[in-house]
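> below are the sequence and a predicted model; questions follow.
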Amino acid sequence: MSLYGQENTVKGLISDENNAPLAFVNVSIAGTIDGTSSEEDGMFELETSAFGTVILKATLLGYEDYSKEINIPQQDKLIIVLKPNAKVLSEVVVSASSFQLKGGSPDNLKSAVELVTVAGSDGDLYKAMSVLPGVQAAGTDGKLLVRGGESRESQTYIDDMHVLNPYSSTPENTAARGRYSPFLFDGISFQLGGYSSEYSQGLSSILPLSTKDESRVSKLGASILNVGAGAGGTKSWAQSSASFNVDYTNLGPYENFLYSRGRGEWIKPYSTLSAQNQLRFNIGENSVLKTYFAYDKTRFERVTKNNFSTNERNLNFNEDNTYLNTTFRTKSKSGFNFFSGAALSVNDKRIMGGLVAEDRVGMKESELHLKTKISKRFSDTYKLGVGAESMIRAYNFSYADTATFSSDIDHSINGLYVMNDFILASDLFLNISSRLEYTSINKSWNVLPRISLSYAYNDYTILATYGKYQQLADRDYLLYNNELKTEICQHFLFGVHHQSKNKVYRAELYHKTYDNLVTGSNYNYKASGKGFSNGVDLFFSDTQFLKNWQYTLAYSYNNSKRSFLKYTEKVTPEYVTQHNASITLKYNLFKYKTIWAVTNRFASGRPYHNPNKAGIMNSETSPYNSLDFCVTYLAHKKVIVYASASNVLNRSNVFGYNYSSQKNSSGKFDRVAIQSDRNQFFVIGLFITLGGKTAYDPSTF
């Protein structure tokens, strides 16, 4: 018996096309966390409180996803036959360093529920990815740091359209969050290096996200958390659907209850109001039109002061961020796949008391991204793809104190690319691509080639990739020198992957070279910096090493040096951690409809410059460590309880030091540690279904 009604049991047998039983197949009821896995003989028993017509799903690495509508209670034993995933051969994309967090690839599949139940993620997409190899321990801002690159070197795309500002804005030394819920997306493919020539303006990694093409279920739900509340829903029609979501976050009650005597005094606590809407239209059998809109407003005001100063000021922050994209996909009878899209990003920040009391800072940035592409598989062995795009950008910066300064830049990034995919043999794949890109601000042309080779043997895949990528210098440097050369990064990668049933093992070596990095200071900048980053990434995953248990283990070694900004000689940047490791354990307690998860993250110390010692970047902080925990519980078929705690041991991690510009009476420079504003964070939430037959997820999309 369940806590809220009669428990029903669905029984069945799972085999392949040769009638061989398949073990460790994940079996679940769509829209719930009811699930189990098949035994060695292919048999499974799934206990659920669901009743009536439901969707039963079965998934296994290397096989096509199985989905069938059944009625509960189910009287007969189900016979499920899984087919090999033919797309692995027919639509393979040769890409090293790619982690498919969701979607059709057999490589490290995860559902949205699995993603947000990574302990310490607090339901945030970017935090959940921090346990992957190649991702270094984040700084106080919480943004992605990949293979020795700074956070701006990682770019996000939604439905192949660029997102200018994927992170929320937060107070200093507070981790940012992604603006978009993982539940929005049907495909999440994190590409750490050697990625497709289709994508631009990322030197270290690309995160392409794909929203769902359709939603066949109408539903309505609400969420109540210790830091806010939300509501949303979907209305589905025969060939279309409309979804909406509204969330409000306010840290005032949380801060007052746990940190009544905090490091900063809030005048207006941190708050955000966000709204999202998506429309989907299935036009005929092979065409999809989608429009996605997101808006969020962020406000806070707090008493703050600069280091080594007693002068206080009220820091007043106000931001509006808007993102809108529209995409159209269709496939002709002759086999041509056509895509066109437009995306608009607008971010407007107004800050008072940013540097000194009563000063005013304005930063308004916008981007219009236009894109079209076409592809066709001309034979079983060859596929061609071509595309063109333009990113039209504008940035205005103003500062007013005793004097007023204002500057703006308007420019565009224009690209053409061609991709050739060859299946040389049933187990040998080749990609030869190239991108031609023109940046108007510095009147620069660049040819960016890419070649990748993949060989599959039994359960092993060997990959080798070379790619050249470019990215404009940061906007704040372009304001003072709009002739800065475009930054260049070349990737060399070699990897060996092993995959069998529920196990994934990966090892990758990489080497990156940097050119045209920004150097200089005090508004005098040039593009003379160089650097390199190399290392090795290891990844192990077993979704059934014990019944109902799964683990992932990731380790990364990175060696990076670059000359940049004030450093005229190559040094290890302050954001680089040489050794990074994470272990994640999950236990699916199906009987009690609960998922428990524990994650431990470790990183070696960060380099920093100590002016009290000889040399440059001559010291290192203590190692970073964080033990995180979360639990997800289906308290009722329409109520999900989620609780998460980060850094449960309350470790005071140090990310570097700020030093005084003047020596003290002892002839030394005083210092202040750079730490997160809060060592720990706790989230407790209820997600409640108000209408519809399926359980509510946080975004309802």
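The structure has been received and is ready for your questions.

> show me the contacts for Ser646.
120, 122, 626, 628, 680-682 (Cβ atoms under 8 Å, 6 or more residues apart in numbering). No exception for glycine: its C-beta is placed from N, CA and C like everyone else's.

> next one: Leu145
Leu145 touches 135-139, 151, 575-576, counting by Cβ under 8 Å, 6+ apart.

> next, Tyr438: secondary structure please.
Per DSSP: H, G, I helix; E, B strand; the rest coil, the local secondary structure of Tyr438 is strand.

> distance check, Phe190 against Ile158.
Distance of Phe190 to Ile158, given as Cβ to Cβ, to the nearest Å: 14 Å.

> which of the two has more neighbours?
Using other Cβ atoms under 10 Å as the criterion, Phe190 and Ile158 rank with Phe190 on top: 26 against 23.

> beta-bridge partners for that one, please?
Phe99 (DSSP bridges).

> would you confirm that it contacts Pro133?
No. Between Phe190 and Pro133 no contact is recorded; they are 10.8 Å apart, counting by Cβ atoms under 8 Å.

> shared neighbours, the two?
Contacts common to Phe190 and Pro133, judged by Cβ under 8 Å, 6+ apart, are absent.

> if we can go back for a sec, of the contacts of Ser646, keep whichever come out buried.
120, 122, 626, 628, 680-681 (16 or more other Cβ atoms under 10 Å).

> so what's the most centrally placed residue in the chain up against?
In the chain, the centroid-proximal residue (Cα atoms, centre = their mean) is Tyr126; its distance is 3.9 Å. Applying Cβ under 8 Å, 6+ apart to Tyr126 gives the contacts 142-144, 166-167, 177-178.

> secondary structure element for it?
Secondary structure from DSSP states H and E places Tyr126 in helix 125-128.

> name the strands paired with the helix or strand that comes right after that helix and say parallel or antiparallel.
Where DSSP H and E defines the elements, the next helix or strand beyond helix 125-128 is strand 154-158. Within its sheet, strand 154-158 is paired with strand 161-163 (antiparallel), strand 205-211 (parallel), according to DSSP bridges.

> please save the CA atoms from the last one in CSV.
Written as CSV, here are the backbone C-alpha positions of strand 205-211 (Å, rounded to 0.1, in the frame of the first residue of the first chain):
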residue,chain,number,x,y,z
SER,A,205,33.1,25.1,-24.7
ILE,A,206,29.6,25.2,-26.2
LEU,A,207,26.4,24.3,-24.5
PRO,A,208,23.6,23.7,-27.1
LEU,A,209,20.2,23.3,-25.6
SER,A,210,17.1,22.1,-27.5
THR,A,211,13.5,22.8,-26.3
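
> now the helix or strand following that strand: buried residues?
Next helix or strand after strand 205-211 toward the C-terminus (DSSP H and E): strand 219-225. Buried residues in strand 219-225, counted by 16+ other Cβ under 10 Å: 219-223, 225.

> neighbouring strands of strand 219-225 in the sheet, and parallel or not?
Paired with strand 219-225 in the same sheet, following DSSP bridges, are strand 228-236 (antiparallel), strand 681-691 (antiparallel).

> in the longest one, which residues are buried?
Judged by neighbour count using 16+ other Cβ under 10 Å, the buried positions of strand 681-691 are 681, 683, 685, 687-689.

> nearest to Tyr66, of the residues you listed?
Taking Cβ to Cβ as the measure, Tyr66 lies nearest Thr689 of the buried residues of strand 681-691, at 25.2 Å.

> which one is that closest one nearest to, not counting chain neighbours?
The shortest distance from Thr689 to any non-neighbouring residue, by Cβ to Cβ, 6 or more residues apart in numbering, is to Lys638 (3.7 Å).

> same thing with Tyr469?
Excluding the flanking residues, the one nearest Tyr469 by Cβ to Cβ, 6+ apart is Cys489, at 5.2 Å.

> the host helix or strand of that neighbour packs against which elements?
Taking DSSP H and E as the definition, one finds Cys489 inside strand 487-500. Other elements packing on strand 487-500 under the criterion 3 or more Cβ pairs under 8 Å, 6 or more residues apart in numbering; DSSP states H and E are strand 460-471, strand 503-521.

> next, the buried residues of that strand.
Buried, per 16+ other Cβ under 10 Å, within strand 487-500: 487-493, 495, 497, 499.

> distance to Asn446 and pLDDT for the residues you listed - can I get that in a markdown table?
Converted to a markdown table, these look like this (distance: Cβ to Cβ, whole Å; pLDDT from 0 to 100):
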| residue | distance to Asn446 | pLDDT |
| --- | --- | --- |
| Glu487 | 11 | 96 |
| Ile488 | 8 | 97 |
| Cys489 | 12 | 96 |
| Gln490 | 12 | 96 |
| His491 | 15 | 95 |
| Phe492 | 18 | 95 |
| Leu493 | 20 | 93 |
| Gly495 | 26 | 91 |
| His497 | 31 | 89 |
| Gln499 | 36 | 80 |
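
> any chance of JSON lines for those residues, columns distance to Tyr466?
Formatted as JSON lines, the buried residues of strand 487-500 follow (distance: Cβ to Cβ, whole Å):
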{"residue": "Glu487", "distance to Tyr466": "18"}
{"residue": "Ile488", "distance to Tyr466": "14"}
{"residue": "Cys489", "distance to Tyr466": "12"}
{"residue": "Gln490", "distance to Tyr466": "7"}
{"residue": "His491", "distance to Tyr466": "7"}
{"residue": "Phe492", "distance to Tyr466": "6"}
{"residue": "Leu493", "distance to Tyr466": "8"}
{"residue": "Gly495", "distance to Tyr466": "13"}
{"residue": "His497", "distance to Tyr466": "18"}
{"residue": "Gln499", "distance to Tyr466": "24"}
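
> these: which two are farthest apart?
By the measure Cβ to Cβ, Glu487 and Gln499 form the most distant pair in the buried residues of strand 487-500, at 34.9 Å.

> list the buried ones in whichever helix or strand Asn558 is part of?
Assigned by DSSP H and E, Asn558 belongs to strand 549-564. Neighbour counts over strand 549-564 (16+ other Cβ under 10 Å) mark 550, 552-556, 558, 560-564 as buried.

> same check, this time on stretch 296-305
Judged by neighbour count using 16+ other Cβ under 10 Å, the buried positions of stretch 296-305 are 296, 298-302, 304.

> Gly12 is nearest to which of the helices and strands packed on strand 487-500?
strand 503-521 (23.8 Å).
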